[in-house]
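Colleague: here is a sequence together with a model predicted from it:
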Amino acid sequence: MLTDLRVIAVIPARGGSTSVPGKNIRPLRSKPLIVWSIDVARRVEAIDRIIVSTDDDAIADTAARHGAEVYPRPPHLASNGSPVADTVRDLFRRLLDENERPDVMVLLEPTCPLRSEKDVADCLDLIREGFDSAATFREAGLNPHRAWKIEGAEPRVFIPGAVPWLPRQLLPKAYQLNGAVYAFRPAGLAEGSDALLFGRMGAVIMPAERSVDIDTEMDFLVAEAVLQRSNG
């Protein structure tokens, strides 16, 4: 338990991946991708339940065999364009109908397998300290001061007044969400909003090697390389 708070981990896993068919149950180091998220949730003492939300029978079977509960996801929430916040709100309503009252929900995307239990626990600690929501970040792959937009054939700096020629050391630090962990009080999720960060927001910074987000065949190779290096 997180003090006396009820904490439920949610792992959203659609079956319709187009970039890598069957991605969520494809083996990474002989373990199905989704199981990496289930296993890390099981190692976090504060988490009371682990729920996989899916529209796919093979994912459901894999999740159940590895210790997660499975809630079927409605088809209208399982398309490529369905915001994950809608899935979370739908699940939260179903839990309330079952007289389950989660104080905190932790969203663990199955495509971020290299997060550690400490990354999850650090986000939960921020909630315990009074934040309404928290998420994991990594240093931005491209500093926004070096980003451009092209209008017609003319390039313009994306941030007015930015100087993209500055040495990296002189640029302000920039971070991006890495999608590994979101923790929040579900009662604060705004209806119709895609945002999972709201209210008083907290940040946990993760290193690049644990921030691999798997969307392509190349990403699987990168994750394998990181694991090989860490084990070596």
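Modeller: It's in. Residues are numbered from 1 along each chain as shown.

Colleague: all contacts plus neighbour counts: C-alpha atoms, from now on.
Modeller: Fine.

Colleague: so where's this structure uncertain?
Modeller: Counting by pLDDT under 70, the chain shows low-confidence ranges at 1-3, 232.

Colleague: mind checking the longest strand of it?
Modeller: In the chain, taking DSSP state E as the definition, the longest strand is strand 175-184.

Colleague: and the residue nearest to residue 42 when sequence neighbours are not counted, what does it touch?
Modeller: Excluding the flanking residues, the one nearest residue 42 by Cα to Cα, 6 or more residues apart in numbering is residue 50, at 7.7 Å. Neighbour list for residue 50: 8-11, 38, 41-42, 68-69 [criterion: Cα atoms under 8 Å, 6 or more residues apart in numbering].

Colleague: what lines up beside the host helix or strand of residue 50 in the sheet?
Modeller: Using DSSP states H and E, the element containing residue 50 is strand 49-54. Strand 49-54 has the following sheet partners, assigned by DSSP bridges: strand 7-13 (parallel), strand 69-72 (parallel).

Colleague: tell me which of those strands sits most buried.
Modeller: strand 7-13 (a mean of 25; mean count of other Cα atoms under 10 Å).

Colleague: what angle do that one and strand 175-184 make?
Modeller: Strand 7-13 and strand 175-184 are oriented at 120 degrees to each other (axes from the mean of the first three to the mean of the last three Cα atoms, to 10 degrees).

Colleague: name the helices or strands packed onto the helix or strand following strand 7-13?
Modeller: Next in sequence after strand 7-13, counting helices and strands by DSSP H and E, comes strand 27-28. With contacts taken as 3 or more Cα pairs under 8 Å, 6 or more residues apart in numbering; DSSP states H and E, strand 27-28 sits against helix 217-231.

Colleague: tell me which residues of the helix it packs on come out buried.
Modeller: Neighbour counts over helix 217-231 (16 or more other Cα atoms under 10 Å) mark 220, 222-223, 226-227 as buried.

Colleague: quick one: that helix to chain centroid distance?
Modeller: What separates the centre of helix 217-231 from the centre of its chain is 19 Å, taken as Cα atoms, centre = their mean, to the nearest Å.

Colleague: contact partners of that helix?
Modeller: Under Cα under 8 Å, 6+ apart, the answer for helix 217-231 is 20, 28-29, 114, 209, 212-214.

Colleague: take these and lay them out in a markdown table including neighbour count and distance to residue 181.
Modeller: A markdown table is the format used below for these (neighbours: other Cα atoms under 10 Å; distance: Cα to Cα, whole Å):
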| residue | neighbour count | distance to residue 181 |
| --- | --- | --- |
| 20 | 14 | 22 |
| 28 | 19 | 19 |
| 29 | 12 | 22 |
| 114 | 19 | 11 |
| 209 | 15 | 15 |
| 212 | 21 | 12 |
| 213 | 19 | 12 |
| 214 | 21 | 14 |
